[in-house]
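S.K.: Compute the structure for the input listed below.
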Amino acid sequence: GFAAGEKFNWRILDCSEYQEYPAGATYDPTMPNQGNFADFGLSKLTSLQVMFCQDYTFTAGWNSISSYMMPFDPAVENLFAPVVDNLVIIRNLTSVYWPEEQINTIGNFNNNSGYVLKMTENTGFEICGSSFADNEVALEAGWHYLPVLSECSADAMELFAAHLDDIVIIQDLIGVQVFWPAMGVYTLQTLEPGRAYKIKVINPFTITFPDCAARNQGSGMGPVNSLSTPWGKLDMTQSSQVVAFNENAVSELQNGDFIGAFDQNNSLCGFLQIQSTGAAQVITLFADDITTIAKDGFSEGENISFRLYRAETEEEFDMDVVFDLSFDNATGSYYSSSLSGITNLSLSITGINSINAEGITLFPNPADDYVVITLSGNKVNEGSVSVTDTKGASVLEGRISSARTTLDISQLQPGIYVIRINTNSRNEISKLIVR
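M.R.: Numbers count the residues shown, from 1 in each chain. The predicted model follows:
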């Protein structure tokens, strides 16, 4: 039987086809009890409707969300009540629901808008209703958070082919894929149900999402909202700037080169791996997370620094870049929702590559779980070994007592590090790459 406070789950059986459906109930608020069991309780249903649900799997951190399902109760506080303990914030371009700060300017969930939300941990979620949202979206000039009003994936080129001249850019709301006609970059190929995208429109138009033969109940695996890079992990945040390296700028680079964008604290805030030196390449830069005290992205107006890492030679370079003055942001600084272009670049060796490592050998390097440190010379005094990241923060300390020492690095994130050996008779420095 029911436990005290347990929720009622309703089902409807279609006897003509002997098909069972989940059902959504509406309760009379004047009765002493509604949708949960109470001993000697009284409830009254005012409606019982067949219910369809769209399922979500959110990854800890920032995610995007939209829905083709009209929720039974669109009030955002009620809709997200089952997961409110994990919900940090949900917002679109004009409104926000921030439970901890007791702010709610969203009111009702809008199917014609996409949203970004942040979760404290991996979370399952569903939006249930008895009807589906209209599959047309009218877009005025300017920026929009675009929902996906289809139960199946939509091909981006088929959806927008008739409006390429009306679009500036479409991009992942949380992600790095873009659909940028003017630059000929189409890494964003499909729009997935349940997710949301950011679009900038020049001329108003209306799009119609396709009808689907079979409904997609959910998104399956959680979305990707972080990247592994040679400089460590990059967490995506709620706002971004997109920068295009044109064909001329990347022509002197090599396929497989990595480009990182860094803030004034030398923190990684954007990442790109070169896929082709014969076509424009795009990097997404991420803003400081509005929900955290720590700085974890670009501030508005902050200067952008670029670096390149070449895995083939294990070299790192500073990048001097020339910005295209025809773009709306040619300042060399970060501004959310702006677009920038780079026409030329030059490389110069960074300080980390000029480290004198003649007296120390690291093997293997790159390394995974351990590295063997070998010091040259016959006499080695006892001393210390320290590992620092590219920002100068100490991440690992140890001791040495012989010419050969094995260091456990299994707890380090992938990235570039500096190893320092200090004894009474010598100081040695070398670069370590952790995969």
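
S.K.: Which other helices and strands does the longest strand along the chain contact?
M.R.: When the chain is parsed with DSSP state E, its longest strand is strand 339-349. Packed against strand 339-349, as judged by 3 or more Cβ pairs under 8 Å, 6 or more residues apart in numbering; DSSP states H and E, are the following elements: strand 240-245, helix 247-250, strand 315-323. For glycine as for every other residue, the C-beta is placed from the backbone atoms N, C-alpha and C.

S.K.: neighbouring strands for the longest one, and are they parallel or not?
M.R.: The one in question is strand 315-323. Its sheet considered, strand 315-323 pairs with strand 305-310 (antiparallel), strand 339-349 (antiparallel) by DSSP bridges.

S.K.: Show the average pLDDT along it.
M.R.: Strand 315-323 carries an average pLDDT of 92.

S.K.: now, of the helices and strands packed on strand 339-349, which is deepest in the fold?
M.R.: Most buried of the helices and strands packed on strand 339-349, by mean neighbour count (mean count of other Cβ atoms under 10 Å): strand 240-245, with a mean of 26.

S.K.: Please write out the alpha-carbon positions of that strand in CSV.
M.R.: Once non-C-alpha atoms are left out, strand 240-245 reads as follows in CSV (Å, rounded to 0.1, in the frame of the first residue of the first chain):
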residue,chain,number,x,y,z
SER,A,240,30.5,33.2,-24.7
GLN,A,241,32.3,35.1,-27.5
VAL,A,242,33.1,33.4,-30.8
VAL,A,243,36.4,34.1,-32.6
ALA,A,244,37.2,32.9,-36.2
PHE,A,245,40.7,32.4,-37.4
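
S.K.: quick one, that strand and strand 305-310 angle?
M.R.: On the basis of axes from the mean of the first three to the mean of the last three Cα atoms, to 10 degrees, strand 240-245 is oriented at 60 degrees to strand 305-310.

S.K.: Mind listing residues that contact strand 240-245?
M.R.: Outside of strand 240-245, the residues within contact range by Cβ atoms under 8 Å, 6 or more residues apart in numbering are 169, 171, 178, 180, 183, 185, 259, 261, 270, 272, 280-287, 298, 304, 329, 334-342, 345.

S.K.: which parts of stretch 20-39 are buried?
M.R.: Using 16 or more other Cβ atoms under 10 Å as the test for burial, stretch 20-39 gives 23-25, 27, 34.

S.K.: can you check stretch 266-281 too?
M.R.: 267-274, 277, 280-281.

S.K.: For it, the averaged confidence score.
M.R.: Taken as a whole, stretch 266-281 has a mean pLDDT of 95.

S.K.: Equivalent analysis for stretch 422-434, please.
M.R.: Averaged over stretch 422-434, pLDDT sits at 80.

S.K.: and that stretch, how far from the chain's centre?
M.R.: 36 Å (Cα atoms, centre = their mean, to the nearest Å).

S.K.: oh, and call the first residue 311 from now on, that's how I've got it
M.R.: From this message on, residue numbering opens at 311, which makes the last subject stretch 732-744.
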